[in-house]
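*Asks:* Let me see the structure of the following:
(chains A and B)
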Amino acid sequence: MALLEVRGLVKHFVTERSLFGRPLAHVKAVDGVSFSLDAGKTLALVGESGCGKSTVSRLVLRLIEPDAGTVRFDGRDLLALDAGGLRAFRRDAQIIFQDPYASLNPRMTVGQILTEPLALHDLMPPAQRRARVADLLRLVGLEPRLARRYPHEFSGGQRQRIAIARALAVEPKLIICDEPVSALDVSIRAQILNLLRELQDRLGLAYIFVSHDLAVVKHIADHVAVMNLGQIVETAEADALFASPRHPYSRALLSAIPLPQPKAKRTTVLLEGEIPSALNPPTGCRFHTRCPFVIERCRNEAPALLADGTGHATACHRTAELPSADAILPAAGGFSPALAKLVAAFSQKTEGGSPAGVGIQDAAPATK
Amino acid sequence: MSASPLIEIRDLRIRFHGDDGRITHAVDSVDLSVANGATLGLVGESGCGKSVTSLAIMGLLPKQSAEISGAIRFDGLDLLQTPDQTLRDLRGNRLAMIFQEPMTSLNPSFTIGDQIIETILRHRGGSRRSARERAIELLRRVHIPSPERRIDDYPHKLSGGMRQRVMIAMALACDPHLLIADEPTTALDVTLQAQILELMRELKAASGAAIILITHDLGVVAEVCDEVAVMYAGEIVERAPVDDLFSAPQHPYTVGLLGSIPRLDHRAEQLATIEGMVPNMAQPPAGCRFAARCPFVLEACTHAPPPLIEVGPGHLSRCIRAPLERLVS
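*Replies:* As a prediction, the model looks like this:
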């Protein structure tokens, strides 16, 4: 059974009310989203700004209430939970945010930040909490002595490690990562991505990874759902999606990403026009105003998300007729032989002598 | 590079004097040149000095706290010795810049038309009517739909991508010879980024202007640049034609950067990481600034600052162990 089952999730935000409080306009932020996620796996939600991916992640945690749909976590119906049940659920599902500068309280020491979830959920007697904080810091590659410092004394990458440690404090089964590396420099981003992966392997965590960066998603996700204007337009195993994207929107997204490979041979699908407003999404297929393959039917009839035998689902009337997507990403050849050797040597040498406080030290999480 | 580059930077050094008397070495001995019609990518992580270098070219660093030495030759002038009045005539005219934040670089209380027309009138003169026509033409060139109507819009009515296009239109208003673009697409979605990059390529082909593109995104560099300079801790550590940099980098920092990005065209179980921290630029290390983080470090690296040496045609590296192929064969 899947760890998380989301069915028909809908959330419309009221943007304008009449004098008497009657809603006049809605942003259709999420409009019928369904997916499931197995324990220990990573599902990536991708799409452009305003596609609803962050709203979905907040609905899944019940940080905001959906207008319709169901969310089942470990067999429990989340929307039926009372305050106590919700609090217990929050032990199982945590979130880390994009901005590690804003998500840590500047007036609390790292030790206090990490002790708070332990105290809130009454996970262990106060006497043991200090040792647990030390374990958590080691788990994310920070030195235990840093527990006495304040967030402003850390770099962006270190703060994101602290945010991850805080999420891990309650030993969750699911962590929602909302653009966790977008604010970080490239070399720091690699450290955090490696850390998230190692933690997943070691602790069996499931991730919902919200990102607009498809290269990052390809690196970390098992399963991908591409969202456009509040709906999933394509969902598949990551390998299948990146090998042959089917929906014209997925193709456009993939072909828009500049490859770090000068003169790479590829076809590009350049979208014209602006992203339509979720206030007033287009009729029929919501992508039809920007779609290079649009036909009359797309303007009137919304396509259903239909899966083939392998679980690769696409919401497009023309799935079968579209040209091959082979040339959107070059099959391989990103690294020249010389670069591959150099990078291997670079990584090998750094592994051995990593300075204290960086890289993962050998520490298992404390379990009760 | 051609015989006489459009812009040539020689031994640029920039120091910031803090309120507490601390001196930060933001940029050290930077040499750069860009020929007409070429695009130079300036790459590096936060704080490496890439934006400060571009602000120095534009003459936009605060005079009280920034100590600048060296020479920046542009069109027969040394920009560092040029009086403010002359610089003002150059900026927005032959020398233009696009910033990262299209939200904050437009004035919210004037229409986009007013802001473009102001630039045209300031540098080109002529009637307001002809300036308005030129502004509409410029908006059309950057693919703003129905520019005759959009010209009277205020910035808040435009999306992020449109605002960035307005910024580009404004930068192009007087046909600049040199365009500096500081992270022009970082705040944008990938589909918009693709449109803006395409636009920059079109404009370069049409006008033959030189572009300095500042970015941390190596994909963007590979797609639009001819030459790349990699900066680390205020210095250029590697400079190369774009193909060479991506196929056979000659500085360990560049190797680390290329190994650390997740890529769509390559599969890696683990990404390379650059361990450690950037050195404190109030007291830069005596030897190589990357030595403390470098897996290929030798005793000699920490003694004296390594020179920028030529390791191939047009390929410079500030590493005494270059060419790096020797280390892995």
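
*Asks:* Please count neighbours and contacts with C-alpha atoms only from this point.
*Replies:* OK.

*Asks:* The closest residue to chain A within the stretch 101-250 of chain B: which element?
*Replies:* When distances are taken as C-alpha to the nearest C-alpha, the stretch 101-250 of chain B reaches nearest to chain A at B:Gly219, 3.9 Å away. Assessed by DSSP states H and E, B:Gly219 sits inside helix B:218-224.

*Asks:* same check, this time on B:Ile168
*Replies:* Taking DSSP H and E as the definition, one finds B:Ile168 inside helix B:160-171.

*Asks:* Same question for A:Ala240.
*Replies:* Residue-wise, A:Ala240 maps onto helix A:238-243 under DSSP H and E.

*Asks:* again with B:Ile212
*Replies:* Assigned by DSSP H and E, B:Ile212 belongs to strand B:210-215.

*Asks:* strands paired with that strand, and their directions?
*Replies:* Taking DSSP bridges as the criterion, strand B:210-215 forms sheet pairs with strand B:39-43 (parallel), strand B:178-182 (parallel).

*Asks:* Make JSON lines out of these and add mean neighbour count and mean pLDDT.
*Replies:* As requested, these are exported to JSON lines (neighbours: other C-alpha atoms under 10 Å in any protein chain shown; pLDDT from 0 to 100):
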{"stretch": "strand B:39-43", "mean neighbour count": "26", "mean pLDDT": "95"}
{"stretch": "strand B:178-182", "mean neighbour count": "24", "mean pLDDT": "93"}
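
*Asks:* Run through who's touching the helix holding A:Ala240.
*Replies:* Contact partners of helix A:238-243, identified using C-alpha atoms under 8 Å, 6 or more residues apart in numbering or on different chains, comprise A:218, A:221-224, A:235, A:254, A:312, A:326, A:329, A:331.

*Asks:* One more: stretch B:243-255?
*Replies:* A:260-262, A:335-336, A:338-339, A:342-343, A:346, B:222, B:228, B:230, B:232, B:237-239, B:258, B:274, B:290, B:294-296, B:311, B:315-319, B:322-324.

*Asks:* And it, end to end?
*Replies:* This stretch, stretch B:243-255, spans 14 Å end to end (C-alpha to C-alpha, to the nearest Å).

*Asks:* which residue ranges form the strands in chain B?
*Replies:* Here chain B has its strands, by DSSP state E, at B:7-17, B:23-34, B:39-43, B:66-74, B:77-78, B:95-98, B:178-182, B:210-215, B:227-232, B:235-241, B:309-312, B:315-317.

*Asks:* The shortest one: how far from the chain's middle?
*Replies:* Between the mean C-alpha point of strand B:77-78 and the mean C-alpha point of its chain there is a distance of 20 Å (C-alpha atoms, centre = their mean, to the nearest Å).

*Asks:* Within its sheet, name the partner strands of that strand and how each one runs.
*Replies:* In the sheet, strand B:77-78 lines up against strand B:66-74 (antiparallel) (DSSP bridges).

*Asks:* which regions of the stretch 151-300 of chain A lie under the pLDDT threshold?
*Replies:* Residues of the stretch 151-300 of chain A that meet the criterion pLDDT under 70 lie in A:273.

*Asks:* can you list the residues of it near chain B?
*Replies:* Where the stretch 151-300 of chain A comes near chain B, counting by C-alpha under 8 Å from any C-alpha of the partner chain, the residues are A:185-191, A:194, A:212, A:214-216, A:218-219, A:252-253, A:256-263, A:270-271.

*Asks:* ChimeraX command for the buried members of those residues?
*Replies:* Burial among these is assessed by 16 or more other C-alpha atoms under 10 Å in any protein chain shown; the matching ChimeraX selection reads:
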select /A:185,186,187,188,189,190,191,194,212,214,215,216,218,219,252,253,256,257,258,259,260,261,262,270,271
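
*Asks:* Can you flag which of the residues of the stretch 151-300 of chain A next to chain B belong to helices?
*Replies:* A:186-191, A:194, A:214-216, A:218-219, A:252-253, A:256 (DSSP state H).

*Asks:* Now do the same contact list for the nearest residue to B:Thr215 once chain neighbours are set aside.
*Replies:* Distances taken as C-alpha to C-alpha, 6 or more residues apart in numbering or on different chains place B:Glu183 nearest to B:Thr215, at 4.9 Å, with adjacent residues excluded. Applying C-alpha under 8 Å, 6+ apart, we find B:Glu183 in contact with B:99-100, B:213-216.

*Asks:* Quick one: buried ones out of these?
*Replies:* Buried subset of these (neighbour count, 16+ other C-alpha under 10 Å): B:99-100, B:213-216.

*Asks:* how close does the closest residue to B:Thr24 other than its chain neighbours get to B:Gly234?
*Replies:* Using C-alpha to C-alpha, 6+ apart and skipping the chain neighbours, the partner closest in space to B:Thr24 is B:Ala282 (4.4 Å). For B:Ala282, the distance to B:Gly234 (C-alpha to C-alpha) stands at 11 Å.
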